[in-house]
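**Q** coordinates only, no sequence provided:
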């Protein structure tokens, strides 16, 4: 009788542990880092698409007026004091069954004669899926700078970019500016890291696999 009672209590405890463990997310494991071409802009505008409307000029430079985060190259969006849009973009391929995490360094300085108008989102970072749907990942207002230093931004892309097959994705950084809101946004050291998706794991206990019973 004692043996049966003891065996029953062990089974109950094991089942409870298994049920609890099923809802504990497995830790994320790094699955490698993407090879974003010319991630630090040290090769000029190689591998990056630049678009400046309506004014002309290169967005990626090694000017010492606003230094890079590392090295000498960086992308300089806005800061012209003219109404228009400046944008850089690059296509990357997200592997199957990987969670993409984008990171980059940004610096924004309030300059003389700038940020005097109304507040609006002046920097917008987007990821565009293969079907053409854009997803906003990050934005910055035109009223607040980073006090002359770079800040790191890290953002996990939404579930739309996680799938059973590789997906070509366009990553873009865009600055919107007008004559009354002059503020340069400097972008450097862009990186895409891929991680395994967290999953729930059943606990294997001698004698079988115990799973919680659905109610």
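**A** Nice, I can see it. Everything quoted here is computed from the prediction, not taken from an experiment. Numbers count the residues shown, from 1 in each chain.

**Q** measure the residue nearest the centre of the chain to residue 84 for me?
**A** Central residue of the chain (Cα atoms, centre = their mean): residue 102, 2.6 Å from the mean position. Distance from residue 102 to residue 84, counting by Cβ to Cβ, to the nearest Å: 25 Å. Where C-beta positions appear, they are placed from N, C-alpha and C, glycine not excepted.

**Q** picking up where we left off before, mind listing the residues bridging to the residue nearest to the centre of the chain?
**A** Beta-bridge partners recorded for residue 102 (DSSP bridges): residue 155, residue 192.

**Q** residue ranges with poor pLDDT in this protein?
**A** 1-34, 56, 111-119, 144, 200-215 (pLDDT under 70).

**Q** go again with 90.
**A** 1-35, 53-58, 63-66, 78-84, 108-122, 140-148, 177-184, 197-215 (pLDDT under 90).

**Q** residue 176 and residue 121 touch, don't they?
**A** Yes. Counting by Cβ atoms under 8 Å, residue 121 is a contact partner of residue 176 at 7.4 Å.

**Q** strands of this structure, residue ranges please.
**A** Shown for the chain, the strands assigned by DSSP state E span residues 30-33, 49-53, 60-61, 74-78, 84-94, 99-108, 121-128, 134-141, 151-156, 167-177, 184-195, 203-205, 208-210.

**Q** out of those strands, which comes closest to residue 43?
**A** Closest of the strands of the chain to residue 43 is strand 60-61, at 9.1 Å (criterion: Cβ to Cβ).

**Q** what packs against the closest one?
**A** Under the contact criterion of 3 or more Cβ pairs under 8 Å, 6 or more residues apart in numbering; DSSP states H and E, strand 60-61 touches strand 74-78.
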